[in-house]
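> Just need the structure, nothing else, for what follows:
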Amino acid sequence: MARVILVTGAASGIGAATARRLASPGTALLLHTRKNAEGLERVAAAVRDAGAEAETMLGDIADAALPDALVARAVGRFGRLDGVVFAAGFADKTPVAAMADAVLAKSLEAVTWGFLRTARAALQHLEGGRIIAVSSFVAHVFRTDVATFPASAAAKAAMEALVRALAVEAATKRTTVNAVSPGYTRKDPGAHAALSQAQWEAVVAKIPLGRLGTPEDVAAMIAFLASPDAGYVTGQVIHVNGGLI
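Coordinates of the predicted model:
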């Protein structure tokens, strides 16, 4: 194997597009999702068709034991680990004034703690490796004409802070740590969306490039950050958002 990469949240959307983009002969991918086994198997089949090896694993990333288990499965199955793409997560639109403690805790467990635990477990196996977190525009864009996602924003912002801090620590192992922050990104057909169809249509007018992003747009940046060409890029949050500010 030229490289072994763990991709969380790989059954759909950005995670699935990333898995397909990374797939090539000499690459092995451990693909994770919470419970969408059918979707994950479709992605695994596409990965194998592209010449890569694929293993799948289900589990809730908010489970404190799962990140260690994911890393152990990757290393046990493929003998090494070279990178992590943390794409697991969900959107929560609960307003701050209505937010119970448990609502924020749920986002923090899945996004912030999920990333921290996964990165921490992976780092001991990485030498010259790559850690890439999928953040979101919701941690950066706060406007009256754009929907806000307070719990998600807080969790993603905390994750981005961990990315920057970990980048300093991981540099001693020649491992880079970065985040990609997508803007409004098209959902897979039939997938749950936090916005209505009318809201999706309305936001297009707010994007300077005049269209929604696609999972493939984001996957292209992730693939670059996972490549040897990005060996001098670390501690960054790179926006793939069509110019949304």
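> Local confidence estimate at the residue minimising distance to the centre of the chain?
In the chain, the residue lying closest to the centroid (C-alpha atoms, centre = their mean) is A87, at 1.9 Å. Listed pLDDT for A87 reads 98.
> do I245 as well
85.
> tell me the contacts of it?
When contacts are counted by C-beta atoms under 8 Å, 6 or more residues apart in numbering, I245 is found next to V141. Backbone N, C-alpha and C define where each C-beta goes, glycine included.
> If we use 10 Å, what do you get?
Contacts were defined as C-beta atoms under 10 Å, 6 or more residues apart in numbering; by that measure I245 touches F137, H140, V141, R143, G183, K206, P208, H239.
> now, among those, which is nearest to V233?
When the contacts of I245 are ranked by distance to V233 (C-beta to C-beta), H239 comes first, at 13.9 Å.
> And the residue nearest to that closest one when sequence neighbours are not counted, how far from V240?
In space, H239 comes closest to S181 once its chain neighbours are excluded; the distance is 4.8 Å by C-beta to C-beta, 6 or more residues apart in numbering. The gap separating S181 from V240 is 7 Å, by C-beta to C-beta, to the nearest Å.
> overlap in contacts of the two?
Shared contacts of S181 and V240 (C-beta under 10 Å, 6+ apart): V134, F137, V218, M221.
> Of all pairs in those, which one is the farthest apart?
By the measure C-beta to C-beta, F137 and M221 form the most distant pair in the shared contacts of S181 and V240, at 13.7 Å.
> one step back: am I right that the residue nearest to the centre of the chain is in contact with L22?
No - applying C-beta atoms under 10 Å, one finds A87 not in contact with L22, separated by 11.6 Å.
> Common neighbours of these two, please.
What both A87 and L22 touch, as defined by C-beta under 10 Å, 6+ apart, is the set V7, A219, I222.
> Now do the same for the second one: helix, strand or coil?
Under the three-state scheme (DSSP: H, G, I helix; E, B strand; the rest coil), the conformation of A219 reads as helix.
> for the shared contacts of A87 and L22, which one is nearest L126?
Nearest to L126, judged by C-beta to C-beta, of those is V7 at 15.0 Å.
> Which residue ranges of this protein form strands?
Counting by DSSP state E, the chain has strands at residues 3-8, 27-33, 53-58, 83-86, 130-134, 176-182, 237-240.
> out of the ones you listed, deepest packed?
The highest mean neighbour count among the strands of the chain, using mean count of other C-beta atoms under 10 Å, belongs to strand 83-86: a mean of 29.
> what comes up buried for the least confident helix or strand in the chain by mean pLDDT?
Ranking every helix and strand in the chain by mean pLDDT, DSSP states H and E puts helix 197-204 at the bottom, with a mean of 81. Using 16 or more other C-beta atoms under 10 Å as the test for burial, helix 197-204 gives V203.
> Quick one: low-confidence residue ranges for this structure.
190-194 (pLDDT under 70).
> Now do the helices in it.
Ranges of helices in the chain, per DSSP state H, are 13-22, 37-49, 66-78, 101-107, 114-123, 150-170, 197-204, 215-225.
> Spit out the contact partners of the residue lying farthest from the centre of the chain.
In terms of distance from the mean C-alpha position of the chain, A97 ranks first, at 28.1 Å (C-alpha atoms, centre = their mean). Under the criterion of C-beta under 10 Å, 6+ apart, the neighbours of A97 are P150.
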